[in-house]
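Everything below, folded, please.
(one chain, ligands or ions: 1)
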Amino acid sequence: MDKLIIEGGVPLTGVVEVSGSKNAALPILFASILLTEPVVFHNVPDLRDIRTTIALLLLLGCDCGYENRKARVVAPGVLHPEAPYDLVRTMRASVLCLGPLLARIGQARVALPGGCSIGARPVDQHLKGFEQMGAHFDLEEGYIIGRCRKLRGAHISFDLPTVGGTENLLMAAVLAEGETILENAAREPEVVDLANFLLSCGARIEGHGTSCIHITGVSSLHGTEYTVMPDRIEAATFLVAAGITGGELLARSCPFAELETVILKLRDMGMEITATADGVLAKCARPLRGVDITTQPYPGFPTDVQAQIMAIMCLAEGASIVQESIFENRFMHVLELMRMGAQIKITGRTALVRGVKRLAGAPVMASDLRASASLVLAGLAARGTTEVRRIYHLDRGYERIENKLNAVGARIRREKE
Ligand code: EPZ
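Here you go, the predicted structure:
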């Protein structure tokens, strides 16, 4: 396992490039199972989760190639229906192959993802929607076994706006017989990117990006070339990096509208964030002060930026209140931040952060993808040396983040643990 050694205290200045979105690329790659013609994807980030997805597509019988952030997938006539536990347990998003397999070959055998450090993350909404479309499921030895003759359109209303559930049912509906309506659907930009990819293959979709999506099934889809949207969560991480180190960063290929709630909160804290022709410029305009956030489904404050903004709150004047309303256990970074001198008190899903003058470098342990990013951000600002261990979590969602940060002044080295 690798670890990062960070010498903190250097203001970051320069230009960082935002990679393609992991959370858009994953469903879009699985959606290529829906068609037999080749699809080519550009701006696919080089991440562990992408490599895992390519490995799963190969196991399912697809012909896949990936190099220089370009992926090519062909899903031939015969597909294998099984996503094995050994692979699914390393990446919960593997459950996104359910919809495409049921739509394409009428069967699927997918390992239940099992527990996750940030919460239970059940898939009941996915299965309930598929059953309304005519699929039947059994649970055997930890595998969901799904079968259907031909999926038929249905009027599905989610109990809560699930991103993965919306994506899975959207992929199933594009080849189903008749009309499907997804109500209380997730509005995340990554769902919109998936819908735009499917539209480019000839699918008939309306309302994507709203909470009511209308799909008219078609008999088949055609091949296409598609460029994945930039990663708004990676981008947000870089904006925070500029603020927490008191530097100035220009984030190229940085989404702006899709980061509105994050940008507004960072501005409230005292950062200056402006869209320019070359990208989004972020710097500290004055001493930072605390703000309150509550994570919400899009367009609310994203849960995937909660850990990162908490790191900068640790050094802001005054207090900040963080309410995590999406996942039941997404404060794993708190105890590690406290090892660095942060003053944080947790009550249930609420954290009270009292700003301190300085953080001190320390050995800390990454527990999940965004918690790892939070610890790296704290290490960049802390006095002394911070050692972030188990950074395989980080490599799932950030392309060699130490290279990008060192290019703008950070002092980070990667070592074998
Ligand atoms: C996606 O996960 C993202 N992952 C997550 O990003 C992100 O945190 C999450 O959406 C919320 O925005 C990918 O896109 C690959 P959900 P997903 O279904 O689809 C509950 C990262 O760091 N729920 O919207 O799994 C669930 O327990 C990752 O990049 C059910 O109860 O999230 C959670 O509390 C972490 N039943 C809430 O809904 C279901 O059937 C939101 O989950 C499905 C979900």
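
alpha carbons only for contacts and neighbour counts from here, please
OK.

Buried residues, the helix or strand bottoming out on mean pLDDT in the chain. List them.
The least trusted helix or strand in the chain, going by mean pLDDT, DSSP states H and E, turns out to be helix 85-88, with a mean of 90. Using 16 or more other CA atoms under 10 Å as the test for burial, helix 85-88 gives 85, 87-88.

cool, stretch 273-285 as well?
For stretch 273-285, by 16+ other CA under 10 Å, it's 273, 279-285.

if we can go back for a sec, could you say what helices and strands the least confident helix or strand of the chain packs with?
strand 107-111 (3 or more CA pairs under 8 Å, 6 or more residues apart in numbering; DSSP states H and E).

Closest one of the buried residues of stretch 273-285 to Tyr226?
For the buried residues of stretch 273-285, the minimum distance to Tyr226 (CA to CA) is 21.9 Å, reached by Gly279.

hey, what's that closest one bridged with?
Beta bridges link Gly279 to Thr276 when assigned by DSSP bridges.

from what I can see it touches Leu250, true?
Yes - with contact defined as CA atoms under 8 Å, Gly279 reaches Leu250; the gap is 6.1 Å.

What is the most widely separated pair among the buried residues of stretch 273-285?
Gly279 and Ala285 (18.2 Å).

Show me the helices in the stretch 251-400 of the chain, by range?
For the stretch 251-400 of the chain, applying DSSP state H, counting those that start in this stretch gives helices covering 260-269, 306-313, 332-339, 369-381, 392-395.

Tell me the gap between the last one and the middle of its chain.
In other words, helix 392-395. 13 Å (CA atoms, centre = their mean, to the nearest Å).

avg pLDDT for it?
On average, the pLDDT along helix 392-395 is 94.

Please name every helix or strand in contact with that helix.
Using 3+ CA pairs under 8 Å, 6+ apart, helix 392-395 sits against helix 369-381.

Kindly export the helix it packs on (C-alpha atoms) in PDB.
Below are the C-alpha coordinates for helix 369-381, written out as PDB (Å, rounded to 0.1, in the frame of the first residue of the first chain):
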ATOM      1  CA  LEU A 369     -12.100   8.400  -1.200                       C
ATOM      2  CA  ARG A 370     -13.200  11.900  -0.100                       C
ATOM      3  CA  ALA A 371     -11.900  11.600   3.500                       C
ATOM      4  CA  SER A 372      -8.500  11.000   1.900                       C
ATOM      5  CA  ALA A 373      -8.700  14.200  -0.100                       C
ATOM      6  CA  SER A 374      -9.600  16.100   3.100                       C
ATOM      7  CA  LEU A 375      -6.500  14.800   4.800                       C
ATOM      8  CA  VAL A 376      -4.300  15.800   1.900                       C
ATOM      9  CA  LEU A 377      -5.800  19.300   2.000                       C
ATOM     10  CA  ALA A 378      -5.200  19.600   5.700                       C
ATOM     11  CA  GLY A 379      -1.600  18.300   5.200                       C
ATOM     12  CA  LEU A 380      -1.000  21.000   2.600                       C
ATOM     13  CA  ALA A 381      -1.900  23.700   5.100                       C
END
